[in-house]
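1. Just the structure for this:
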Amino acid sequence: MKPVALRRPLLVYFIVSLLGLAIVYVALLRKPEALSAPNVAMRSLDGEPVSFEALRDKVVLVSFWATDCTVCLQEMPSMIDTYERYRSRGMEAVFIAMPYDRPDRVLHYARSHKLPFKVVLDVQGEINRGFGDVRATPTTFVIDKRGHVVERILGKPDFVRLQRLIETKLGEET
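-> Okay, here's the model as predicted:
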């Protein structure tokens, strides 16, 4: 009788394990819902209204940065080059200063370096929260023409890879 009694717990364990594996398998196959760009009202340093809703049908590069972030300042020439390369093809860029960054420093940097893209102050942190409470700079997002976040990059981007992604997304239909 003991061998039969031992088989029952093993059978139950086997069935429970198979059920667990099936649940994990189904969860991995499910396509996650696309994260959309938040619908927040913004104004650029020039006073121009900016919204991700209005930027639909464009690929949008969003960068959270700060004037005290060494990596942010080092990558800025490559960000400018990327923007200049793709803006005529329908790419837009919005650079969002972190809530802790002093507005006078952001304004001075943007003007003295003649940043060609939209620069936004996020004094209240609303935009930051809309993107999942960004903590580290630089953090870059790529948003496709439908308004979905397709990439989140922490730290300095691999610009070859980033530009390849932008090319791909620019070529997609809306």
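
2. Using the three-state scheme, assign residue 141.
-> Recorded secondary structure, residue 141: strand (DSSP: H, G, I helix; E, B strand; the rest coil).

3. Spit out the contact partners of it.
-> For residue 141, the contact set (Cβ atoms under 8 Å, 6 or more residues apart in numbering) comprises 37, 61-63, 131, 149, 151-153. Using the backbone N, CA and C atoms, a C-beta is placed for each residue, glycine as well.

4. What's opposite it in the beta bridge?
-> residue 62, residue 152 (DSSP bridges).

5. Next one: it from residue 90, what distance?
-> Separation of residue 141 from residue 90 (Cβ to Cβ, to the nearest Å): 17 Å.

6. Write the ChimeraX selection for whichever of the contacts of residue 141 are buried.
-> To isolate the buried subset of the contacts of residue 141 in ChimeraX, counting by 16 or more other Cβ atoms under 10 Å, use the following:
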select :37,61,62,63,131,149,151,153
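
7. Would you format the contacts of residue 141 as CSV with pLDDT and distance to residue 103 included?
-> Formatted as CSV, the contacts of residue 141 follow (pLDDT from 0 to 100; distance: Cβ to Cβ, whole Å):
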residue, pLDDT, distance to residue 103
37, 89, 23
61, 98, 22
62, 98, 19
63, 98, 17
131, 94, 20
149, 96, 26
151, 96, 28
152, 97, 26
153, 97, 25
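
8. Tell me the one of the contacts of residue 141 nearest residue 105?
-> Nearest to residue 105 out of these is residue 63 (Cβ to Cβ; 16.3 Å).

9. SS state for residue 78?
-> With three-state DSSP as the basis, residue 78 sits in helix.
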